[in-house]
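[1] Give me a 3D structure for the following:
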Amino acid sequence: MSPRSRDDERLAGEEIAVVGAGFGGLSAAAYLADAGADVTVFERNEHPGGYAGRIERDGFRIDTGPSWYLMPEVFDRFFGHFGRSTEEFYELTELDPLYEVVWKDGDRATMPADREGQKALFESYEAGAGDRLDAYLDDAAEAYDLGMDRFVYPSRSRLRDMVDTDVLRSGRALPKLRTMNDYVGDYFDHEKLRQIAEYKLVFLGGSPYNTPAIYTLMSHVDMNLGVYHPTGGIASVVDGMAALATDLGAEIRTGTPVRAIDPSVAAVGPKFDVETPGATGRFDRVVANAAPPHVERDLLSDEHARREAYWESRTYAPSAFLMYFGVEGDVDLDHHALVLPTDWRPHFEKIFDDPAWPDDPAYYVHVPSKTDPEAAPEGREAVFALVPLAPGLDDDPETRERFRELVLDDLAEHAGVDFRDRVVFEETACVSDFRERFNAPRGTALALSHTLGQTGPLRPAHRAPGVEGLYYVGAYTNPGIGMPMCLLSGEHVAEAVIEDAGGGVLPSVVPTSTLR
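    Okay, the predicted model is just below:
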C-alpha cells in the first residue's frame, strides 16, 4: 500500500537536513516530507536507528539498544498518520508473562499479563496488596491519560504553553510532583513490590529517588497496556520507519557523518551549509537528532550558541555496560528478566550521587530467542545483558573485563544461569563507546534524566536558541526518553518548522486533547 496522497504542501520548496537517523530523526523526516519538504537525512552509521542498532552475525540478530516495545498505540498513531499500519512493516507478539524478576535472596517471580494474576502475585507478598494494586493501577491509568492528552501528545516545549486551560485543570497531578519512591510507598510497604512498581524509571534515565511520581504512568504502560516484541527485534521497527520516510520522499544517506553546520545570512530566511565528507550542501533548515551539546560544541562555529555551562549543569541519564552473546543451547530465563538485589539504593547512589562501578548491581537480561525465531539459529539463544552505570565512568579494558566477570558470576550464583562455556560470539559496549559512536555527553546511554527540573518545558526546547532555523529532536528535548516519546518529538518539531516557515501564528500546542 502506498502512502496517502499528499494534500499538505505547507513546506513545499523547503530543503531540510535531518542530522541523525534515530527514532526522532526518522519521525521528523516522515512528517516533514509529508508536509512537502525536500528532506535529506544524514546518518554517520551504516544503518539508521541510532542507539537502536543491530548485530547480525552467524545467524544471530540482536538489538544493541532498546528492547522493550511499549505503548503500541503511539506507534499505531505514527504510521496511521500517513495512512499506513504497523502490520505492513512488522509483526508483534504480546508477551505473557511480561517479564520475570530474580531477587538475589533466592526469590523469583513472573509478572502475568492479566490483572487477576498480577493481583495474586502482589497479594502473595503483602496482605491487601492485591486490592491496592487495583487502586494503584487506576491511578497510574489516570496519570497516563492526563500526561499523554495534556502534556505529551500536545507540544508543550515552552513555558507559555503551560498557560492553557487543559493544564490549569490538571491541578490534581500536583501530588505526583514528589518522588516516585515516596508516592509508591503510599500503596505498598513490601520492598519487592515497590521495586516492581518502580523499575520502569530506569527506562526514563532516572531513579525512584529523583524522578517525580507523575511517571507512575509507566506502571500503566506495562501492566495495563502490555509488553510486546516485534519479530526481528526493534531493528524491524527502524526498518519500517526508514521505509516509510523514503516512501514519503525523504532521502536517507547512511555512512555519512556531518562535520559542520554553518548558518549564514541569506536574503530571505535562514540558510545552512551542511558539511559531510567530500561534499557541502545548502539547506533552508536543519533538524538535529544528534545530542545538542555535540551540535553546539562540535558542529556550529564559535560565534554561535555554545551553552557549555548549561549542559555541564544538567543531570544525565545513566550510561550502561552492555553484553551481547550468541549461546549454544538453552538459557533458562524468560524473554525479559530483571536481576535485583533486595536493596537497590546503593546501586542508584553509585549512578547519581557518588559515581562508581556498583559492587552489587541491579541489571536486566533479554533473551529474544525465547519468542523470536529470527533472533538465533535453532538450538541456540541470543542474550543481551544491560547494567545501568553512572555516565562519565572510566571504562578501560581491564575494568570492563573485571565487571564482566562480576556480572556473569552474579548471574550464575543468583539466577542459576552460567553459559560462559557455551558462548559462540560476544560483543560489549560501554561508556566510551556511547561517547565515541554517538557523541553522547559523558557517555550517557539515554539522554537527560527525567528529574523534576528536566521534565516538560524544563527540557531543552525544539528550537535551538540563538540560531534561527536550527531545531532539536529526540530524547534530549520534549517529550523525552524512549522510542514512543521520540516518535512524538518528531511530530512536535515538524509542527515548529511548519509554524516558522509559514511566518504566521499557529497554535503552539498540537490540539489533540480529549480531556475537556
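
[2] residues contacting residue 413?
    Neighbour list for residue 413: empty [criterion: C-beta atoms under 8 Å, 6 or more residues apart in numbering]. C-beta: built from backbone N, CA, C; applies to glycine.

[3] ditto for residue 286
    16, 17, 18, 19, 261, 272, 274, 469, 470, 471.

[4] Let me know the pLDDT of the closest residue to the last one other than its chain neighbours.
    Leaving out its chain neighbours, the residue that sits closest to residue 471 by C-beta to C-beta, 6 or more residues apart in numbering is residue 287, at 4.7 Å. On pLDDT, residue 287 comes in at 98.

[5] Just checking: what are the partner strands of the host helix or strand of residue 287?
    Using DSSP states H and E, residue 287 falls within strand 285-288. Using DSSP bridges, strand 285-288 pairs in its sheet with strand 15-19 (parallel), strand 470-472 (parallel).

[6] For those, please prepare JSON lines with the additional fields distance to residue 74.
    Converted to JSON lines, the strands paired with strand 285-288 look like this (distance: least, C-beta to C-beta, whole Å):
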{"stretch": "strand 15-19", "distance to residue 74": "20"}
{"stretch": "strand 470-472", "distance to residue 74": "20"}
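
[7] now these in TSV, with mean pLDDT?
    Listed next are the strands paired with strand 285-288 as TSV, based on pLDDT from 0 to 100:
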stretch	mean pLDDT
strand 15-19	98
strand 470-472	97
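
[8] Those: which one's closest to residue 400?
    Set against residue 400 and scored by C-beta to C-beta, those come closest in strand 15-19, at 30.1 Å.

[9] Now the element after the strand holding residue 287, going C-ward?
    Next along the chain after strand 285-288, taking DSSP H and E as the criterion, comes helix 292-294.

[10] Not counting that following helix itself, show me its contacts.
    So helix 292-294 is in contact with 307, 308, 311, 439, 440, 441, 460, 464, 472, 476, 477, going by C-beta under 8 Å, 6+ apart.

[11] mind redoing it with 10 Å?
    Residues from elsewhere that reach helix 292-294, judged by C-beta atoms under 10 Å, 6 or more residues apart in numbering: 19-20, 288, 305-308, 310-312, 314, 316, 435, 438-442, 447-448, 460-461, 464, 470, 472-474, 476-477.

[12] Let's see which of those residues end up in helices.
    Using DSSP state H, 308, 310, 311, 312, 435, 438 are the members of these that sit in helices.

[13] which of those residues has the most neighbours?
    Neighbour counts for these (other C-beta atoms under 10 Å) peak at residue 438, which has 22 neighbours.

[14] Contact partners for it?
    Contact analysis of residue 438 by C-beta under 10 Å, 6+ apart lists 20, 22, 44-45, 50-51, 53, 65, 290-291, 294, 444-445.

[15] Of the contacts of residue 286, which is the most crowded?
    In terms of neighbours by other C-beta under 10 Å, the contacts of residue 286 top out with residue 18 at 35 neighbours.

[16] so what's that residue up against?
    24-29, 32-33, 37, 39-43, 245, 250-252, 283, 285-290, 471, 473, 490, 493 are the contacts of residue 18 under C-beta under 10 Å, 6+ apart.

[17] Where does pLDDT dip in the stretch 301-450 of the chain?
    305 (pLDDT under 70).

[18] can you give me the strands for it?
    Listed in chain order, the strands of the stretch 301-450 of the chain (DSSP state E, counting those that start in this stretch) span 319-328, 336-340, 363-366, 380-389, 423-429.

[19] Out of those, which is closest to residue 229?
    Shortest distance between residue 229 and those, using C-beta to C-beta, is found for strand 336-340: 8.9 Å.

[20] how about that closest one as CSV, C-alpha atoms only?
    Taking Å, rounded to 0.1, in the frame of the first residue of the first chain, the C-alpha atoms of strand 336-340 are listed here in CSV:
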residue,chain,number,x,y,z
HIS,A,336,12.7,-10.2,29.8
ALA,A,337,14.3,-10.8,33.2
LEU,A,338,15.3,-8.4,36.0
VAL,A,339,18.0,-9.4,38.4
LEU,A,340,17.7,-7.3,41.6
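
[21] Just the angle for that strand relative to strand 380-389, thanks.
    In terms of direction (axes from the mean of the first three to the mean of the last three C-alpha atoms, to 10 degrees), strand 336-340 departs from strand 380-389 by 40 degrees.

[22] Stretch 61-80: end-to-end distance?
    28 Å (C-alpha to C-alpha, to the nearest Å).

[23] Would you indicate which residues of that stretch are buried?
    By 16 or more other C-beta atoms under 10 Å, the buried positions in stretch 61-80 come out as 61-72, 74-75, 77-79.

[24] and these, which of them are in helices?
    With helices taken from DSSP H, the overlap with the buried residues of stretch 61-80 comprises 72, 74, 75, 77, 78, 79.

[25] Nearest to residue 338, out of the residues you listed: which one, please.
    Using C-beta to C-beta, residue 72 comes nearest to residue 338 of those, at 21.4 Å.

[26] Sweet, I'm off.
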